[in-house]
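Enquirer: below is the structure, and that's it, no one-letter string:
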């Protein structure tokens, strides 16, 4: 079910400031990630679907179980907490979606999904 994008794009370079990189469950990684080892330790899934052809994250993505590691934009975190009940389990959400909604990628479309 589509989720309306109500986030403010006020972080660096018109970004939101909320992404898997800001989550305490993401694995340690080296950039560029040519080996596509970017992953979520909590869900046991690859996050390579977020990587562009050069091995860098393209866009900002998060899921319902996002847990701030202390680096997320505070306004974005407050918005996330306000809409968390609208988010589905086992879905990655991204910004700049169509029709004013968040983009969605189900976990089963991520390599290594349990």
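Expert: That came in fine, so what should we check first? If you're wondering where the values come from, they're calculated on a predicted model, not measured in any experiment.

Enquirer: for the protein, give me the ranges with low pLDDT.
Expert: In the predicted model, the chain carries pLDDT under 70 at residues 112-114.

Enquirer: just the strands in it please.
Expert: For the chain, the strands defined by DSSP state E cover 39-40, 45-46, 61-62, 91-94, 103-106.

Enquirer: looking at these, which is closest to residue 11?
Expert: Comparing the strands of the chain by their distance to residue 11 (CB to CB), the top pick is strand 61-62, with 13.3 Å. (C-beta placed from N, C-alpha, C; glycine too.)

Enquirer: for this protein, what spans make up the helices?
Expert: According to DSSP state H, the chain carries its helices in the segments 74-83.

Enquirer: centroid-nearest residue for it?
Expert: residue 61 (1.9 Å; CA atoms, centre = their mean).

Enquirer: include distance to residue 8 when you put the strands of the chain into CSV, please.
Expert: Listed next are these as CSV, based on distance: least, CB to CB, whole Å:
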stretch, distance to residue 8
strand 39-40, 25
strand 45-46, 28
strand 61-62, 15
strand 91-94, 16
strand 103-106, 17
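
Enquirer: closest one to residue 22 among those strands?
Expert: strand 61-62 (8.0 Å).

Enquirer: what is the closest one packed up against?
Expert: strand 91-94 (3 or more CB pairs under 8 Å, 6 or more residues apart in numbering; DSSP states H and E).
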